[in-house]
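[1] structure for this input, please:
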Amino acid sequence: SFKGMYHNKISVLSWDIETTGLEHNDDSKVLLISNTFRSASGEITRRLFCYDDYENCADMLDDWASWVQHVNPSLIIGHNIYCYDLPFISFCHSKYSKQGIYLGRDNKTLTFSNYESKKRIDGGRSLSYFKASIFGRQIIDTMFLAFSYDAVEKKYESYGLKPIIKQEG
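    Residues are numbered from 1 along each chain as shown. Prediction:
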């Protein structure tokens, strides 16, 4: 998609969520969404969305999605977003709204494949997930990058982001 382009000329949104827990249930809420956006011109914007500033979780997620559409990133990057963040925000949003989350270009919603995918962690383990798509944006899950990078060396003790950062120095 980006052949012939330099990495610093592509707009990138890096984000993470903080939640009430890991399970999808009635108590599930997204409490914070932290974002760092780098425009194609190199300008950095940081934005935090906080549950306390909204009526409910869906209002916060809709406001976040509007902001994502406004900044219009080509790449959306996060750690473990295929298996956790994207499904979790979709679940939380669906508790309040029948409409999807409009994260894509041309007012397209976040969608998930109906078919289970598997990402190989190592020779004996794989991770099941439903692939997410956001129209007009490339999704990069840094945990999946870590799996691929570590496939030969097997140097990571954990695939959590903080342990990887610590181990890489």
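
[2] CA only for contacts and neighbour counts going forward, please
    Noted.

[3] do a quick rundown of the helices in this structure.
    With DSSP state H as the criterion, the chain has helices at 57-71, 86-94, 142-153, 161-168.

[4] first to last residue in stretch 38-46, what's the distance?
    Using Cα to Cα, to the nearest Å, the end-to-end distance of stretch 38-46 comes to 9 Å.

[5] give me the buried positions along it.
    Neighbour counts using 16 or more other Cα atoms under 10 Å place 38-40 of stretch 38-46 among the buried residues.

[6] spit out the contact partners of the spatially most central residue of the chain.
    Per Cα atoms, centre = their mean, the C-alpha nearest to the average position across the chain is that of Ile81, at 4.0 Å. Applying Cα atoms under 8 Å, 6 or more residues apart in numbering, one finds that Ile81 lies in contact with 87, 141.

[7] do you know how far it is from Phe144?
    Relative to Phe144, Ile81 is positioned 10 Å away (Cα to Cα).

[8] quick revisit: distance to Phe112, mean neighbour count and mean pLDDT for the helices of the chain - can I get that in a markdown table?
    Conversion of the helices of the chain to a markdown table gives the following (distance: least, Cα to Cα, whole Å; neighbours: other Cα atoms under 10 Å; pLDDT from 0 to 100):
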| stretch | distance to Phe112 | mean neighbour count | mean pLDDT |
| --- | --- | --- | --- |
| helix 57-71 | 17 | 18 | 96 |
| helix 86-94 | 8 | 20 | 94 |
| helix 142-153 | 17 | 15 | 84 |
| helix 161-168 | 24 | 12 | 86 |
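
[9] could the ones you listed go into TSV alongside distance to Val12?
    Written out in TSV, the entries for these read as follows (distance: least, Cα to Cα, whole Å):
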stretch	distance to Val12
helix 57-71	9
helix 86-94	17
helix 142-153	13
helix 161-168	18
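
[10] thank you, goodbye.
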